[in-house]
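Student: Test case, fold it:
(chains A and B)
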2 protein chains.
Amino acid sequence: MEDDIRFMRMALDEARMAADEDEIPVGAVVVAGGRVVARAHNLTERLGDVTAHAEMQAITAATAALGGKYLPDATLYVTLEPCTMCAGALGWSQIGRLVVGAADPKRGYSRFAPQALHPRTKVTTGVLADEAAELIQQFFRNKR
Amino acid sequence: MEDDIRFMRMALDEARMAADEDEIPVGAVVVAGGRVVARAHNLTERLGDVTAHAEMQAITAATAALGGKYLPDATLYVTLEPCTMCAGALGWSQIGRLVVGAADPKRGYSRFAPQALHPRTKVTTGVLADEAAELIQQFFRNKR
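Tutor: Numbers count the residues shown, from 1 in each chain, chains lettered A, B, ... in the order given. Next comes the predicted model:
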């Protein structure tokens, strides 16, 4: 639990970097064997690429770092509930564990693709959820 | 309809390239204004990256080629029904039209994430479906 908070804080730092770059603030960190193997934040605006979500980049980076195609022994921390695309990618990656900050009732996979994850993936939700949600709300408030 | 067959044949050519590289044979082509703006095939093995499906690469390449983030005036041809991940990506891309070859009852989005596409995306299925399905069946027969 202490580790979960520590790694989610790192993911929140990534989300803040996204906000600083005028990207919707979502951050992700992948941990394996107690070590951070990937960290990423949303880059859809900078790359002009709708697939450049934090989780997609983190999965690609983590598999490159670990040298395999699958991530059964890794945990992905993400500040916002993954969308259908990212949950599908996490499903293919066979990630061992997924730790989520804030829920996303409008776009989150739990509503739109509830079977997207691999059946063996363990899921924890609501870790530092208020901080993650506040980051996003603040971002859109500043947009108005 | 003639155009659909012509562009699906190109997508099938891409799928054959994948098979030649020992990748699950799925190919995709993106067309805008009657012109091919992206073509891609599955590269998950070569890149060791579960997100490297034909459609994901085709979306990224097409948006780079067209210079926008969204693809409302483009059509994506793909030899196999997109998975949850790819359908989620197509949803974010707001692709104008999706043309599918063979259905994928085991992994296809129509079963697992039926709301993944953008509500304005028009969908055509079953174009050269037998050829696309045969490519995949042959690939797995050769694997045994």
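
Student: can you pull the contacts of A:Met85?
Tutor: Contact analysis of A:Met85 by C-beta atoms under 8 Å, 6 or more residues apart in numbering or on different chains lists A:Thr51, A:His53, A:Met56, B:Thr84, B:Met85, B:Cys86, B:Ala87, B:Gly88, B:Ala89, B:Gly91, B:Trp92, B:Ala116. No exception for glycine: its C-beta is placed from N, CA and C like everyone else's.

Student: Need the three-state assignment for the last one.
Tutor: If I follow you right, that is B:Ala116. Classification of B:Ala116 using DSSP: H, G, I helix; E, B strand; the rest coil returns coil.

Student: Can you classify the closest residue to it other than its chain neighbours by secondary structure?
Tutor: With sequence-adjacent residues excluded and distances taken as C-beta to C-beta, 6 or more residues apart in numbering or on different chains, B:Ala116 is closest to B:Ala87, at 3.7 Å. Classification of B:Ala87 by three-state DSSP places it in helix.

Student: got it, and A:Val100?
Tutor: strand.

Student: Pull the contacting residues for the closest residue to it other than its chain neighbours.
Tutor: Spatial nearest neighbour of A:Val100, chain neighbours left out: A:Thr125 (4.5 Å); criterion: C-beta to C-beta, 6+ apart. Contacts for A:Thr125 were tallied using C-beta under 8 Å, 6+ apart; they are A:Glu81, A:Val99, A:Val100, A:Ala103.

Student: tally of neighbours for the residue nearest to B:Ala116?
Tutor: 26 (other C-beta atoms under 10 Å in any protein chain shown).

Student: just A:Arg16 next, same as before
Tutor: 15.

Student: Please, which helix or strand holds it?
Tutor: Here A:Arg16 sits within helix A:2-20, counting by DSSP states H and E.

Student: average model confidence for that helix?
Tutor: Taken as a whole, helix A:2-20 has a mean pLDDT of 97.

Student: Next up, the contacts around the residue nearest to B:Ala116.
Tutor: A:Thr84, A:Met85, A:Gly88, B:Tyr109, B:Ala113, B:Ala116, B:Leu117 are the contacts of B:Ala87 under C-beta under 8 Å, 6+ apart.

Student: Present those residues as CSV; the columns should include distance to A:Val31.
Tutor: Output for those, formatted as CSV (distance: C-beta to C-beta, whole Å):
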residue, distance to A:Val31
A:Thr84, 24
A:Met85, 22
A:Gly88, 21
B:Tyr109, 30
B:Ala113, 27
B:Ala116, 29
B:Leu117, 33
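
Student: And the furthest pair within those?
Tutor: Greatest spatial distance in these: A:Gly88 and B:Leu117, 13.1 Å, computed using C-beta to C-beta.

Student: And those two? Which one has more around it.
Tutor: A:Gly88 (31 against 23).

Student: The more buried one and B:Cys83 touch, don't they?
Tutor: Yes: between A:Gly88 and B:Cys83 there is a contact at 5.9 Å, judged by C-beta atoms under 8 Å.
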